[in-house]
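*Asks:* Kindly return the folded structure for what I paste below:
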Amino acid sequence: MDNIIELRKICKSYGERVKTKVLFDIDLQIRKGSFNSIIGSSGSGKSTLLNIIGTLDKPTEGQVIINGTDTRNMNKDQLAELRNTTIGFIFQFHYLLPEFTARENILMPYRISNYNISREIQEWSDKLIDLTGIRDVADNLATDMSGGQQQRTAIARALINRPGIILADEPTGNLDSDTTENIYSLMRDVNREFGTTFLIITHDQRIAEKTDRIIEIRDGRIGLDIVK
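*Replies:* Numbering: from 1, shown residues only. As a prediction, the model looks like this:
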């Protein structure tokens, strides 16, 4: 398999007069179609790393290569286009728009670049609604769904543009154990059916142990990298 994500000597510092370095010379390759987890204590740098991979933040030094594209010299518009077409995001707080239904939230990333919803996209959104098991609440406002239903909606939204990469930051952090298992199973199903690459930050050791690769960040460095 080819690498869909490559990080080369990534460093990240914050501050102007007083520099605080949070990432140190990170080299990392993520294979296309793989299912990976990132673990580490609070403040270890794992969320910063995920934001850099997702081009939401820029490294102080180093290269971020996404699906063969070096992002170093890309402007804001180019990075936004790359994110919208190549990367889907799932967060602990799902960030659904409360004034819209589940179906409308799912279609929102597509609407950013396309005014009209084609029949093909409508059919794809219907498939995602069925895949994520939210058919019964598809026309409910986001506020009229359970936490698990909202997170399932967020997963469908992340998939609407058929991204090659899903970056998930504590996607089950606010869910009970049964719902956590269901969400994990759903992400696995997506990985197997569509070949979508997953990179998941999690504090849940049970979830991490079920992934194909565990990457531990310790004090801004890769302390452990286990491929099963």
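
*Asks:* Contact partners for the residue nearest in space to the middle of the chain?
*Replies:* Note on the chain: the residue nearest the mean C-alpha position is L167, at 1.6 Å, using C-alpha atoms, centre = their mean. By C-beta atoms under 8 Å, 6 or more residues apart in numbering, L167 lies in contact with 50, 53-54, 87-90, 199. For glycine as for every other residue, the C-beta is placed from the backbone atoms N, C-alpha and C.

*Asks:* Among the residues you listed, which lie within helices?
*Replies:* Per DSSP state H, helices hold the following members of those: 50, 53.

*Asks:* Need the residues that contact the longest helix seen in the chain.
*Replies:* Ranked by residue count under DSSP H, the longest helix found in the chain is helix 177-194. Helix 177-194 is contacted from outside by 33, 35, 131-133, 147-148, 151-152, 155, 159, 162, 166, 168, 171-172, 175, 196-198, 200, 204, 207, 210, using C-beta under 8 Å, 6+ apart.

*Asks:* Put the alpha carbons of it into CSV.
*Replies:* Output of helix 177-194 as CSV, limited to C-alpha atoms (Å, rounded to 0.1, in the frame of the first residue of the first chain):
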residue,chain,number,x,y,z
SER,A,177,-19.5,2.1,26.8
ASP,A,178,-22.2,0.5,24.6
THR,A,179,-22.5,3.5,22.3
THR,A,180,-18.7,3.6,22.1
GLU,A,181,-18.6,0.1,20.9
ASN,A,182,-21.2,0.8,18.3
ILE,A,183,-19.4,3.9,17.0
TYR,A,184,-16.1,1.9,16.8
SER,A,185,-17.8,-0.8,14.9
LEU,A,186,-19.3,1.7,12.5
MET,A,187,-15.8,3.3,11.8
ARG,A,188,-14.4,-0.2,11.2
ASP,A,189,-17.2,-1.0,8.8
VAL,A,190,-16.4,2.3,6.9
ASN,A,191,-12.7,1.4,6.8
ARG,A,192,-13.4,-2.0,5.4
GLU,A,193,-16.1,-1.1,2.9
PHE,A,194,-14.6,2.1,1.4
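
*Asks:* Show me which residues of that helix are buried.
*Replies:* Within helix 177-194, the residues that count as buried by 16 or more other C-beta atoms under 10 Å are 179-180, 182-184, 186-187, 190-191.

*Asks:* Which one of those residues is nearest to L96?
*Replies:* I183 (15.0 Å; C-beta to C-beta).

*Asks:* quick revisit: please, which helix or strand holds the residue nearest to the centre of the chain?
*Replies:* Here L167, judged by DSSP states H and E, is contained in strand 165-169.

*Asks:* Strand partners (parallel or antiparallel) of that strand?
*Replies:* Partners of strand 165-169 in the sheet, by DSSP bridges, are strand 87-91 (parallel), strand 197-201 (parallel).

*Asks:* Go through those and name the closest to M74.
*Replies:* M74 sits nearest to strand 87-91 of all the strands paired with strand 165-169, at 13.2 Å, using C-beta to C-beta.

*Asks:* and whichever helix or strand comes after the closest one, how far from the chain's centre?
*Replies:* As assigned by DSSP H and E, the chain's next helix or strand after strand 87-91 is helix 102-113. Offset of helix 102-113 from its chain centre (C-alpha atoms, centre = their mean, to the nearest Å): 17 Å.
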